[in-house]
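1. here you go, sequence then predicted model.
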Amino acid sequence: MPKQNIAAALWLSTGGLAVMSAMSAAIHEVAGTVPTGQIIFWRSFVALAPTLIYLAIRRELGQSVRTRYPHKHLVRGLLGCAVMFFSFVSLRYLSVGLATALTYLAPILSIAAAMLFLRERPGATIFVGVVLGFGGILLMLYPTLVGAELRDGTLIGIGAGIAMAATNALSRVQVKDLTRTEPPASIALSFALICSAVGLASALFGWVELQPHEFALLAGAGLLGGLGHVLLMESVARAPVSVLAPYEYTGIIWAFGFDLVLLGNVPTPWALAGALVVVAAAAVVAYGQGRFGRRATASA
């Protein structure tokens, strides 16, 4: 178990967030010409290399292939594939920054679902965060809603982003349940294997012949995704989640940076304002959940 080192954790988290944004930028470049299932396969299959190397170095390869609950791994893997599918569809139609901003809807949608289905009554802070989150989505949608027609699939991209956040919320619940009995190494490996198999099965519906630059981008996305996952896991091992959670929102800076510098995409004022509101809302929800958790612990 690595020693607690917040400075090292923040550096690792910075690297992980930058690498994951670079992965999204690579996928954004091929999403318009390569089928989503084919992207899922290469993203997951190539990511196995850094994942296996990491597990071997940590001497966790043996325990990662053993499990008492294969059905739970299957459910988590399929949910993860759904998250990946919707994420890549979102990247097909949206900029990297806008698609990344929509990922921060996951905790907001989790709270909204708890309010609707579990009749939970969160505090005022969390409620404000939920309202802000949906307000941010309306800001992103505003140009489409007032236009005479859909603009370059923006509505499809935002719909896919919202679906990704919703399935990601469900996936987080499944991961939390799995961590009670399974080591993180086992969860990471089964996820990569299941998504590789699902992506490979999509070949039955037709794949395209990859051009050299497309293959390079897909292979790079897989390596970046695997490396980013390793960096983020190492970061979590060195600092409390409560310290790293707010820092996670700086990922939006990397996403918009790749959009502007590498891809030449300048976000519209409405998209930028909506994205920033969503990120702020997610931060408010995280803060409210932290206060609620501290109060519950104190009263226990």
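-> Yep, that arrived. Residues are numbered from 1 along each chain as shown.
2. any low-confidence regions in the stretch 201-300 of the chain?
-> By pLDDT under 70, the weakly predicted segments of the stretch 201-300 of the chain are 241-246, 286, 288-300.
3. ranges for the helices of it?
-> Counting by DSSP state H, counting those that start in this stretch, the stretch 201-300 of the chain has helices at residues 212-238, 241-247, 251-261, 269-299.
4. how about those in a markdown table, adding distance to residue 64 and mean neighbour count?
-> C-betas here are computed from N, CA, C, even on glycine. Output for the helices of the stretch 201-300 of the chain, formatted as a markdown table (distance: least, Cβ to Cβ, whole Å; neighbours: other Cβ atoms under 10 Å):
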| stretch | distance to residue 64 | mean neighbour count |
| --- | --- | --- |
| helix 212-238 | 12 | 20 |
| helix 241-247 | 22 | 14 |
| helix 251-261 | 27 | 20 |
| helix 269-299 | 30 | 17 |
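5. could I get these as a markdown table with distance to residue 51?
-> A markdown table is the format used below for the helices of the stretch 201-300 of the chain (distance: least, Cβ to Cβ, whole Å):
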| stretch | distance to residue 51 |
| --- | --- |
| helix 212-238 | 5 |
| helix 241-247 | 21 |
| helix 251-261 | 21 |
| helix 269-299 | 27 |
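6. for residue 170, which of those is the nearest?
-> Among the helices of the stretch 201-300 of the chain, helix 269-299 comes nearest to residue 170, with 16.9 Å by Cβ to Cβ.
7. can you pull the contacts of residue 181?
-> Residue 181 sits next to 68-69 when contact means Cβ atoms under 8 Å, 6 or more residues apart in numbering.
8. distance of residue 256 relative to residue 276?
-> Per Cβ to Cβ, to the nearest Å, residue 256 is found 10 Å from residue 276.
9. my bad, should have said residue 208
-> Residue 208 is 36 Å from residue 276, by Cβ to Cβ.
10. next: residue 71.
-> Applying Cβ to Cβ, the value for residue 71 to residue 276 is 41 Å.
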